[in-house]
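[1] Can you look at this prediction? I've put the sequence above it.
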Amino acid sequence: MQNTDITIVGGGSAGLTLALLLARQQLRVVLVEKGPVPADAAPGTSATGAQPEYQRVSALNMASRALFTELGVWPGLLSGAAAYTDMQVWEADSFAKISFAAAQQQVEALGYICDNEQIRSLLYQQLQQHSNVQCYFEVGISQLKQGERDVMLQLDNNELILSQLLVGADGVNSFVRQHMQLPLTHWDYQHTAIVAKIRCAEAHQLTARQVFLATGPLALLPLPEPDMCSIVWSAETDEARRLMALDNTAFNQALCAASHSVLGPLTLQSERQAFGLTMRYASSWQRGRVVLVADAAHSIHPLAGQGMNLGLMDVAALAQLIGEQQAAGEDLAATTMLRRFERWRKAEAQSMIITMEAFKRGFTAKAPLAKLIRGLGLVAVDRLPLLKQQLMAHALGLKGDLPQLAQQPVAGADV
């Protein structure tokens, strides 16, 4: 039997970030992940690893950049990231449009498009420098039991792990959430997201673009190469099936038409992948000495690209509160602390869920009056600089109830 301070179930970006934060606090940590070791993260791999594939990407905001800078992974991540300085949003069949620029916010970039697997790889490389962390990959869980003073995890290799606190960071289909029978509210967005890498005939000019179609939003996200983008095409399920059934030539033509040829003819550079979209929200994130974070606790529509940022702020907040308990010599899994964490991060998650649902419903309403109101609203916001700045400050992670590490300025960081 192995005794440790904290066990983390889930080796995605959120779980690895939490493990690294806790390792720096000199806590003993065990991380358990049913999937393989992050790609290109074997000992001896270079700091940047192999060239990212950009099959699945995330848009990191300034708060996430500050956190990763503090953890020492930002320089390596930046080498494969695309900083975008502008954003254009419009509706396909109306006058509704709005644009944003980093210069208006007095920041270097509006965000950074990063490869999800490279994030994991760099976090894991940093984690390997800490002898107080043990990671188990490609290992499942056979039992999870908790008592008054500890939580027992039995792995499917029969190893037992005893810890003061167990954190479920194991994604939307969380084993921890299901095993603990934590209630879940969910609804099907009735959308499927198609993701792929494309080559553009015209340079993207470091601009993220999103067009709202009658069947759902299409995002064109700039990658480091000036003529490469990652797409996230969220379409009604039947339309997504139709798009996925097209051959590459027909899909390229459909993509070009949907984007209004804003970047000229577009050509697939990777296989298409499709993912059903569901909103999930655990009404309780904590039971005893077990707590949920990130996608295990909540998942949202990707139309604003805030899912990764939301999860990273969860783990930064939890690590901060655990650090306060540690400094005071208190129980690392005290109910009062876990409930404080839950209240803090629930407020942020609820706000984002409501905002995303309002956006989705607002842009899928097809009635002429709804379209007129939508168009007038976007144009009005576009012409009100102070309101635009407030909206972008929250999206950029420059405002809100942020964890301490995410509030730190990133001095001398390059775009």
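    Structure received.
[2] burial of the closest residue in space to residue 25 that isn't next to it in sequence, as a residue count?
    Across the structure, with C-beta to C-beta, 6 or more residues apart in numbering as the measure, the residue nearest residue 25 apart from its sequence neighbours is residue 323 (5.3 Å). Quick note: C-beta positions are derived from backbone N, CA and C, even for glycine. The burial metric for residue 323, expressed as a neighbour count using other C-beta atoms under 10 Å, is 17.
[3] secondary structure class for residue 323?
    Applying DSSP: H, G, I helix; E, B strand; the rest coil to residue 323 yields a three-state assignment of helix.
[4] what sits up against stretch 81-90?
    By C-beta atoms under 8 Å, 6 or more residues apart in numbering, the list of residues contacting stretch 81-90 from outside reads 60, 96-103, 108-114, 205-212, 221-224, 378, 415.
[5] Low-confidence bits of the protein, can you list those?
    Low-confidence regions of the chain, defined here as pLDDT under 70, cover residues 40-51, 95, 303-305, 354-395, 397-398, 408-415.
[6] all strands of the stretch 1-150 of the chain, in order?
    With DSSP state E, counting those that start in this stretch applied, the stretch 1-150 of the chain shows strands at 2-9, 29-33, 57-60, 82-84, 86-91, 97-101, 111-115, 133-137, 141-146, listed in chain order.
[7] And these: which comes nearest residue 176?
    Nearest to residue 176 among the strands of the stretch 1-150 of the chain is strand 2-9; the distance by C-beta to C-beta comes to 5.2 Å.
[8] and that closest one, which residues are buried?
    For strand 2-9, a neighbour-count test (16 or more other C-beta atoms under 10 Å) marks 4-9 as buried.
[9] Please identify the pairing partners of it and their relative orientation?
    As defined by DSSP bridges, the strand partners of strand 2-9 come to strand 29-33 (parallel), strand 160-168 (parallel).
[10] I'd like those strands written out as CSV, with distance to residue 349 added.
    What follows is the strands paired with strand 2-9, written out as CSV (distance: least, C-beta to C-beta, whole Å):
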stretch, distance to residue 349
strand 29-33, 23
strand 160-168, 15
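[11] Report the distance from stretch 224-236 to the chain centre.
    Taking C-alpha atoms, centre = their mean, to the nearest Å, one finds the center of stretch 224-236 at 16 Å from the center of the full chain.
[12] where's the residue positioned nearest the centre of the chain, which helix or strand?
    Centroid-nearest residue in the chain, with C-alpha atoms, centre = their mean: residue 308, separated by 1.2 Å. Secondary structure here is read from DSSP states H and E; on that basis residue 308 sits in helix 307-327.
[13] I'd like to know how many residues surround the nearest residue to residue 109 once chain neighbours are set aside.
    Distances taken as C-beta to C-beta, 6+ apart place residue 83 nearest to residue 109, at 3.8 Å, with adjacent residues excluded. Residue neighbour count, defined by other C-beta under 10 Å, stands at 19 for residue 83.
[14] Please report the distance of residue 83 from residue 206.
    7 Å (C-beta to C-beta, to the nearest Å).
[15] any common contacting residues for the two?
    Residues touching both residue 83 and residue 206 by C-beta under 8 Å, 6+ apart: residue 109.
[16] domain assignment for this protein?
    Following automatic domain parsing, the chain resolves into domains at 2-81+116-186+278-407, 189-277.
[17] And the ones you listed: which comes nearest residue 91?
    For those, proximity to residue 91 was assessed by C-beta to C-beta; domain 189-277 is nearest, at 4.7 Å.
[18] what about the closest one, start to end distance?
    For domain 189-277, the first-to-last residue distance is 6 Å (C-alpha to C-alpha, to the nearest Å).
[19] Skipping its backbone neighbours, what lies nearest residue 319 in space?
    With C-beta to C-beta, 6+ apart as the criterion, residue 319 has its nearest non-adjacent residue at 3.7 Å, and that residue is residue 21.
[20] Share the number of residues neighbouring the one you found, please.
    For residue 21, the number of neighbouring residues by other C-beta under 10 Å comes to 23.
[21] quick one, what contacts it?
    For residue 21, the residues meeting the contact criterion (C-beta under 8 Å, 6+ apart) are 71, 315-316, 319, 405.
[22] Sheet partners, orientation included, of the longest strand anywhere in the chain?
    Within the chain, and with DSSP state E defining each element, the longest strand by residue count is strand 184-200. Using DSSP bridges, the strands paired with strand 184-200 are strand 228-236 (antiparallel), strand 266-268 (antiparallel), strand 273-282 (antiparallel).
[23] from the middle of its chain, how far away would it be?
    What separates the centre of strand 184-200 from the centre of its chain is 13 Å, taken as C-alpha atoms, centre = their mean.
[24] partners of the helix or strand that comes right after it in the sheet?
    Scanning the chain past strand 184-200 towards its C-terminal end, the next helix or strand to appear is strand 207-213 (assignment: DSSP H and E). Strand 207-213 sits in its sheet next to strand 86-91 (parallel), strand 216-222 (antiparallel), going by DSSP bridges.
[25] Out of those, which is the most enclosed?
    With neighbours taken as mean count of other C-beta atoms under 10 Å, the strands paired with strand 207-213 reach their highest mean count in strand 216-222, at a mean of 24.
[26] What subset of the contacts of residue 21 is buried?
    Neighbour-count burial within these applies to 71, 315-316, 319, 405; the criterion is 16+ other C-beta under 10 Å.
[27] Going by distance to residue 164, which of these wins?
    Using C-beta to C-beta, residue 319 is the member of those that sits closest to residue 164, with 14.4 Å.
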